[in-house]
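**Q** Below are the sequence and a predicted model; questions follow.
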Amino acid sequence: MSALKIASLIVGSFMAAATQAAEPPRPFRIRFVDEATGRGIPLVELTTVNHVTYVTDSAGQVACDESEQFDGDVYFGVKCQGYEPPKAPFGYEGVRLPAKAGGEATVKLKRINIAERICRLTGAGRYRDSVLLGDDVPEGDRITRGQVVGQDSIQATIYRGKQYWFWGDTSRAAFPLGLFRTAGATTPLFVPGRDSLDRGLPYQYFTESDTGFARAMIPYPEQKDGVIWISGVAVVPNSKGVERMVCRYSRRKGLLEQIEQGIAEFDDEQEIFIPVTHQPLTEKWRFIDSHPVFVEEGGTRWLMWGDATATVRVPATFEAVCDPAQYEAFTCLKGGETGAAPQVDRTPEGQLNWRWDHKTAPITAEAEQNLLKAGQIKPEELRLSPESGTEPGQRIRMAFGTVRFNKHRNCWVLISGQHDGSSSFLGEVWYSEGPAPNGPFARAVKIVTHAGQSFYNVCHHADLDEQGGRFVYFEGTYTNSFTKNIAPTPRYEYNQILYRLDLDAEGLKPARLPSTK
């Protein structure tokens, strides 16, 4: 062999060895699955002894790249909202896994929550670890849609053959300040049996043409000061029979100070909301709000809504929505009562005089419980504050939820957050059933808990129900806001998480109405 060939072989071998040495070791795959369903569990937190923390992606996976600890056992402390953590010696909660480059381990967890966490709907890196592990992740799940990294509070409706989605304050990666005048997106209409929600929703955001970031859906250039939130998004016909998408808008200086409010209409050409009415700041309830539902009653088609339960209504027309005189409140207060110390109204027989009224303020769960504390009503008269089905005597103050008619249960189902829950101020979700959208809701069962975290503005999307309403889906905003927990969860913080609830679940029995099917 010539000296030249020998030299070539030596150089080639050296380069191959150098290339091989330069390649980083493949990650160690850790997958957490639901013991009952076998699905991956999002939002599992793993922490090593030296305080390196991982959080599973929407597929329930972690790509562990602690290469200096490969080829040996590694202990991971485990925290998982709504699941029993694995037990380790000496009272620790976690698992010891044989970490190896390119290796894998699966850990099964027992679910405590009745509802099952499906995926994170918004933000960046929803399937980050699955991508790093080389899994076949669809392109739509690899990208950061609309450059959105955080998103607050959903509003949704169907309009002109599409599902529309709107969010409040929206974060971007480019700077701490993002969008504060409502973001929006559309998706094709969901078809149960054909489409799957296992990987979330394929949002097509309305974006800025120059940056690609989500754009304002209610820009309102005439008033440049303040953030703008929308609520009560609904589609109603106008006097010509043309469907119009409307909402309430609230222009604010911050979380507490409102500086303008009114009704806005969607402009189909510009694809933005434009204010069409303005209301005095003293008006507290004569506007669409929350998540309205359509109800046929007394020969009229109504929009109904409230703080979880439906205690305000207006005829379901564009003109009525824009006219405060058309609004009615469901109340048991004396006529005209709107003050800080209202008095209840009773029939000659001593019963609470529940009725629809144009001039009297609606009853909310908060107002009802204040009346209870004041001795004006009895516990058995509570209509909007169900009793815990597992802890007799405990009344649940529902807050920021939805009520929907469910064909599978043949009744109205209430899925709502709780104000001042046991494990979190705004992190627990409850299920209840009632004969009407305004109750009475007698008993409730806790279906989700987020210890030390918030999960608020819960919304059940009835348009996504499966198997005739047996399986329902709801989402909420996951964040450490309004808690004492100063450590936000990476990637999940200030984003929407989707849950699925099986209405045939045995754990819901205490909340069920008798003989509804």
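**A** Cool, got the structure.

**Q** so how many other residues sit close to residue 384?
**A** By other Cβ atoms under 10 Å, 29 other residues sit near residue 384. In this view, the C-beta of every residue, glycine as well, is placed from N, C-alpha and C.

**Q** List the contacts of it.
**A** 308-309, 311, 363-365, 368, 398, 438-441 (Cβ atoms under 8 Å, 6 or more residues apart in numbering).

**Q** how about the strands of the stretch 51-200 of the chain, start to end?
**A** Using DSSP state E, counting those that start in this stretch, the strands of the stretch 51-200 of the chain run over residues 53-55, 61-64, 72-80, 94-99, 104-109, 116-120, 148-151, 154-159, 162-167, 170-172, 183-187.

**Q** can those strands go into a markdown table with extra columns for mean pLDDT?
**A** Formatted as a markdown table, the strands of the stretch 51-200 of the chain follow (pLDDT from 0 to 100):
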| stretch | mean pLDDT |
| --- | --- |
| strand 53-55 | 97 |
| strand 61-64 | 97 |
| strand 72-80 | 95 |
| strand 94-99 | 96 |
| strand 104-109 | 98 |
| strand 116-120 | 98 |
| strand 148-151 | 97 |
| strand 154-159 | 98 |
| strand 162-167 | 98 |
| strand 170-172 | 97 |
| strand 183-187 | 98 |
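
**Q** about what we covered before: among the contacts of residue 384, which one has the lowest pLDDT?
**A** Ranked by pLDDT, the contacts of residue 384 bottom out at residue 308, which has 87.

**Q** ok, how many other residues are close to that one?
**A** 29.

**Q** What separation do you get for it and residue 397?
**A** Noted for residue 308: a distance of 9 Å to residue 397, by Cβ to Cβ, to the nearest Å.

**Q** Mutual contacts of those two, please.
**A** residue 365.

**Q** still on that earlier bit, please identify the deepest-packed of the strands of the stretch 51-200 of the chain.
**A** When these are scored by mean count of other Cβ atoms under 10 Å, the highest mean neighbour count falls to strand 61-64 (a mean of 26).

**Q** helices and strands around that one, which ones?
**A** For strand 61-64, the packing partners by 3 or more Cβ pairs under 8 Å, 6 or more residues apart in numbering; DSSP states H and E come out as strand 28-34, strand 53-55, helix 128-132.

**Q** any chance of the ones you listed in JSON lines, plus distance to residue 203?
**A** Formatted as JSON lines, the helices and strands packed on strand 61-64 follow (distance: least, Cβ to Cβ, whole Å):
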{"stretch": "strand 28-34", "distance to residue 203": "25"}
{"stretch": "strand 53-55", "distance to residue 203": "22"}
{"stretch": "helix 128-132", "distance to residue 203": "17"}
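
**Q** out of those, which comes closest to residue 381?
**A** For those, the distance to residue 381 is smallest for strand 28-34, at 40.5 Å, taking Cβ to Cβ.

**Q** chain center to whichever helix or strand comes after the closest one: distance?
**A** The helix or strand immediately downstream of strand 28-34 is strand 44-48, counting by DSSP states H and E. Between the centre of strand 44-48 and the centre of its chain there are 24 Å (Cα atoms, centre = their mean, to the nearest Å).

**Q** Name every strand pairing with strand 44-48 and say which way it goes.
**A** Here strand 44-48 is paired, per DSSP bridges, with strand 53-55 (antiparallel), strand 72-80 (antiparallel).

**Q** Can you measure across stretch 322-333, start residue to end residue?
**A** 25 Å (Cα to Cα, to the nearest Å).

**Q** Also stretch 262-271?
**A** Terminal-residue distance, stretch 262-271 (Cα to Cα): 19 Å.

**Q** Contacts only, for residue 507.
**A** 114, 445, 447.

**Q** ah, wrong one, I meant residue 146
**A** 183, 185, 203, 205, 207, 212-214.

**Q** again, only using 10 Å
**A** 122, 167, 170, 172, 179, 183-185, 203-208, 212-215 (Cβ atoms under 10 Å, 6 or more residues apart in numbering).

**Q** Kindly report the same for residue 421.
**A** 396-397, 399, 427-430, 446, 449-451, 455.

**Q** what helix or strand does it sit in?
**A** Using DSSP H and E, no helix or strand contains residue 421.

**Q** show me where the stretch 301-450 of the chain has strands.
**A** Along the stretch 301-450 of the chain, counting by DSSP E, counting those that start in this stretch, strands occupy 312-315, 328-331, 355-357, 387-388, 398-406, 411-418, 429-434, 443-448.

**Q** elements contacting the last one?
**A** Using 3 or more Cβ pairs under 10 Å, 6 or more residues apart in numbering; DSSP states H and E as the contact criterion, the neighbours of strand 443-448 among helices and strands are strand 116-120, strand 387-388, strand 411-418, strand 429-434, strand 471-479, strand 495-502.
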